[in-house]
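*Asks:* model this:
(one chain, ligands or ions: 1)
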Amino acid sequence: ISLKGSMDSSPFPSSFLFGTASSSYQFEGAFSSDGKGPSNWDVFTHEPDKITDGSNGDVADDHYHRYLEDRDLMDSIGVNSYRFSISWSRILPKGRFGNVNRAGIDHYNNFINALLLKGIQPFVTLTHYDIPQKLEDKYGSWLSSKVQEDFRYYADTCFRFFGDRVKYWVTLNEPNVVAIRGYRSGIYPPSHCSRPFGNCSRGDSEKEPFIVAHNMILSHAAAVSIYRTKYQKKQGGSIGIVMNALWYEPISNSLEDKLAVERGQSFYMNWFLDPIILGKYPIEMLEILQSDLPVFSKQDLEMLKNGLDFIGINHYTSFYIKDCMFSVCEPGPGASRTEGFALRTAQKNGIFIGEPTTVDWLFVYPRGMENIVTYIKERYNNIPMFISENGFGEQENPNSTMETLLHDIKRVEYMNSYLDTLATAMRKGADVRGYFVWSLLDNFEWTSGYTTQFGLHLVDYPTLKRTPRLSATWYKEFIAKHNVQNLSAPNCNQESK
Ligand code: PNW
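*Replies:* This next block holds a predicted model:
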């Protein structure tokens, strides 16, 4: 296949990380094996009517048992890094109120060692949506400031056991999505919301997202602070956070719509990045929310100074934004006060921002990648960035054949075009250090269960057999063409005399 927009001189340095991404709950299975405690997602998916196809992550890709086979799939693609998350309740089944689960430690040690043997750098997230259910039951998890102490303890445990070999740490995956979907719309655990945002039995959609976010920001800061003081010097790694990042285009050239775009970013991504990097909430949030926004104490501000070493960006799609502050909008996503009066819509005059896909929120708008990277570069002084997720999903379709399932030309075109605009941003100076495709395998896609597929490999769930798609071959060739370094080569620097 030939695709336009191929790059003549590679902007990707040889140290660039090319990898794939995953998460514990979506991949591992083995939900109650070897001493693992229940997570919030285990409990949630076992309730009726939460997941489209009634499925759960009890088995998922059975990656917990098949990690060596999966490591070999990565090796055959030629990635030099792998992003995965640790299951908090596999390490600490009861949070800090119980013991460390030795079998969990052994599992991740074995996996990390297996990756390094093939020169694949582990890029490790401490929590990707899943937390021990115990913390939910005991004090309401992210709603309580007590969670900061639990997260610090958990992070400390992971740095202690794995930090000699893990050089890239992510504290939280998409805390903005957790705050919004867990506590505003209520579609993720712990299913908190209130009307008109949703119909849950508990919660307050106007207030809780901001309390939760505040505790997440301070939990991040607590983990970074323990890493800086106890581990970083000796272990030599770096630590950051991963945000879900959407690109927004104003729906018109009016000043009002342009200001709404800024509010949209502030109420979604800058909500977390500003306090962590700039030491305060975005001005738009302070102005609109006033006393509904929690306040950082002097001590909090001191801890926030630990900041981060890099920003992880999960970017998939873009939306138009319409102002709802200076003009009246119909109710809709983003339109309300606590969302910043910035209505999100995929269409302008009946035309989509980018090609729609079979996934309802995913529109192909490659320029969004260049634009969001450039926006973050400018707002945060070109701090190192990783594209920690980017990928293409397809909704299950009864008419598809094995042939059409494997010949995923649209996924290839998507990745090629987004990498092309990423390269443009890098040529213009953006300090991007790596790119991770979501995902290595088809997996449990949260409330869509197994009906949405993001994998470079197809997974046949009855047998759990993995089969590479065209996109796996394409990614292999892309990586080979950009001759990135294999970072493993155990001992390569010890034999130099
Ligand atoms: C990410 N959006 O979530 C998650 O980190 C993954 O676990 C998930 O499987 C993947 O994307 C694919 O859905 C997203 O608003 C959350 O555009 C929100 C958005 C996109 C992805």
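*Asks:* sticking with residue 263, tell me its helix or strand.
*Replies:* Assigned by DSSP states H and E, residue 263 belongs to helix 255-265.
*Asks:* how many other residues sit next to residue 378?
*Replies:* Using other CB atoms under 10 Å, the number of residues around residue 378 comes to 10. Quick note: C-beta positions are derived from backbone N, CA and C, even for glycine.
*Asks:* hey, what's the most centrally placed residue in the chain bridged with?
*Replies:* Computing the C-alpha centroid of the chain and ranking residues by CA atoms, centre = their mean puts residue 173 first, at 4.4 Å. Beta bridges link residue 173 to residue 242, judged by DSSP bridges.
*Asks:* how about the contacts made by it?
*Replies:* Counting by CB atoms under 8 Å, 6 or more residues apart in numbering, residue 173 touches 23, 85, 125, 127-129, 242, 314.
*Asks:* cool, residue 249 as well?
*Replies:* 261, 318-321, 353.
*Asks:* farthest-separated two in the residues you listed?
*Replies:* 261 and 353 (12.9 Å; CB to CB).
*Asks:* number of residues surrounding residue 110?
*Replies:* For residue 110, the count of nearby residues is 12 (other CB under 10 Å).
*Asks:* now it. Nearest residue, chain neighbours left out?
*Replies:* residue 67 (7.6 Å; CB to CB, 6 or more residues apart in numbering).
*Asks:* mind giving me the packing neighbours of the one helix or strand residue 222 maps to?
*Replies:* Here residue 222 sits within helix 208-226, counting by DSSP H and E. Helix 208-226 makes packing contacts with helix 146-162, strand 168-173, helix 175-183, strand 238-244, helix 271-273, helix 298-304 when contacts are defined by 3 or more CB pairs under 8 Å, 6 or more residues apart in numbering; DSSP states H and E.
*Asks:* one more time with 7 Å
*Replies:* On a contact count with 3 or more CB pairs under 7 Å, 6 or more residues apart in numbering; DSSP states H and E, helix 208-226 meets helix 146-162, strand 168-173, helix 175-183, helix 271-273, helix 298-304.
*Asks:* those: which one's closest to residue 96?
*Replies:* The nearest among the helices and strands packed on helix 208-226, by CB to CB, is helix 146-162 at 4.3 Å.
*Asks:* next, the buried residues of the closest one.
*Replies:* 146-148, 150-159, 161-162 (16 or more other CB atoms under 10 Å).
*Asks:* now swap in stretch 15-29 and tell me
*Replies:* 16-29.
*Asks:* with stretch 106-117 instead?
*Replies:* Buried residues in stretch 106-117, defined by neighbour count with 16+ other CB under 10 Å: 107-108, 111-112, 114-116.
*Asks:* any residues touching that stretch, and which ones?
*Replies:* The contact list for stretch 106-117, computed with CB atoms under 7 Å, 6 or more residues apart in numbering, reads 64, 67-68, 71, 82, 86, 122, 162, 165-166, 488, 490.
*Asks:* buried subset of those residues?
*Replies:* By neighbour count, with 16+ other CB under 10 Å, the contacts of stretch 106-117 hold 64, 67, 71, 82, 86, 122, 162, 165-166, 488 as buried.
*Asks:* okay, the helices and strands packed on helix 208-226 in CSV with distance to the ligand and mean pLDDT next?
*Replies:* Formatted as CSV, the helices and strands packed on helix 208-226 follow (distance: least, CB to the nearest ligand atom, whole Å; pLDDT from 0 to 100):
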stretch, distance to the ligand, mean pLDDT
helix 146-162, 18, 98
strand 168-173, 6, 99
helix 175-183, 5, 98
helix 271-273, 14, 99
helix 298-304, 24, 98
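*Asks:* quick one: closest of those to residue 364.
*Replies:* helix 175-183 (20.7 Å).
*Asks:* just checking, what packs against the closest one?
*Replies:* helix 208-226, strand 238-244, helix 271-273.
*Asks:* pull the CA atoms of the longest one into PDB?
*Replies:* Taking Å, rounded to 0.1, in the frame of the first residue of the first chain, the C-alpha atoms of helix 208-226 are listed here in PDB:
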ATOM      1  CA  GLU A 208     -18.100  16.100  43.000                       C
ATOM      2  CA  PRO A 209     -16.000  16.200  39.800                       C
ATOM      3  CA  PHE A 210     -14.100  19.100  41.300                       C
ATOM      4  CA  ILE A 211     -13.500  17.500  44.600                       C
ATOM      5  CA  VAL A 212     -12.300  14.300  43.000                       C
ATOM      6  CA  ALA A 213     -10.000  16.200  40.600                       C
ATOM      7  CA  HIS A 214      -8.600  18.100  43.500                       C
ATOM      8  CA  ASN A 215      -7.700  14.800  45.300                       C
ATOM      9  CA  MET A 216      -6.300  13.300  42.200                       C
ATOM     10  CA  ILE A 217      -4.100  16.300  41.600                       C
ATOM     11  CA  LEU A 218      -2.800  16.100  45.100                       C
ATOM     12  CA  SER A 219      -2.400  12.300  44.900                       C
ATOM     13  CA  HIS A 220      -0.200  12.900  41.800                       C
ATOM     14  CA  ALA A 221       1.800  15.400  43.700                       C
ATOM     15  CA  ALA A 222       2.200  13.000  46.700                       C
ATOM     16  CA  ALA A 223       3.500  10.300  44.400                       C
ATOM     17  CA  VAL A 224       5.900  12.600  42.600                       C
ATOM     18  CA  SER A 225       7.200  14.000  45.900                       C
ATOM     19  CA  ILE A 226       8.000  10.500  47.200                       C
END
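*Asks:* up against the ligand, what does the stretch 151-300 of the chain have?
*Replies:* Contacts of the stretch 151-300 of the chain with the ligand, taken as CB under 6 Å from any ligand atom, map to 173-174, 177, 244, 246.
*Asks:* please tabulate those residues in CSV, including the columns distance to residue 227.
*Replies:* Shown next, in CSV, are those (distance: CB to CB, whole Å):
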residue, distance to residue 227
173, 17
174, 20
177, 24
244, 23
246, 29
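*Asks:* so which of those is the most crowded?
*Replies:* Using other CB under 10 Å as the neighbour test, those are led by residue 173, with 25 neighbours.
*Asks:* which residues touch residue 264?
*Replies:* Residue 264 makes contacts with 248, 321, 334, 340, 342, as judged by CB under 7 Å, 6+ apart.
*Asks:* what is the neighbour count of the closest residue to it other than its chain neighbours?
*Replies:* Excluding the flanking residues, the one nearest residue 264 by CB to CB, 6+ apart is residue 342, at 3.8 Å. Residue crowding around residue 342 was assessed by other CB under 10 Å; the count is 30.
*Asks:* any idea which residue of the stretch 1-150 of the chain lies closest to the ligand?
*Replies:* The ligand sits closest to residue 23 of the stretch 1-150 of the chain, with a gap of 5.2 Å, by CB to the nearest ligand atom.
*Asks:* check that residue and give its pLDDT.
*Replies:* pLDDT, residue 23: 99.
*Asks:* gap between it and residue 41?
*Replies:* As judged by CB to CB, to the nearest Å, residue 23 and residue 41 stand 10 Å apart.
*Asks:* same check on residue 279?
*Replies:* According to CB to CB, residue 279 and residue 41 sit 33 Å apart.
*Asks:* between these two, point out the one with more neighbours.
*Replies:* Neighbour count, other CB under 10 Å: between residue 279 and residue 41, residue 41 has more, with 27 against 13.
*Asks:* coming back round to it: and the helix holding residue 263, what's buried?
*Replies:* So helix 255-265, judged by 16+ other CB under 10 Å, has buried residues 257, 259-265.
*Asks:* tell me the two of these that are most distant?
*Replies:* Farthest pair in the buried residues of helix 255-265, by CB to CB: 257 and 265, 13.3 Å.
*Asks:* on the three-state scheme, residue 433 is what?
*Replies:* Here residue 433 is strand, with the state taken from DSSP: H, G, I helix; E, B strand; the rest coil.
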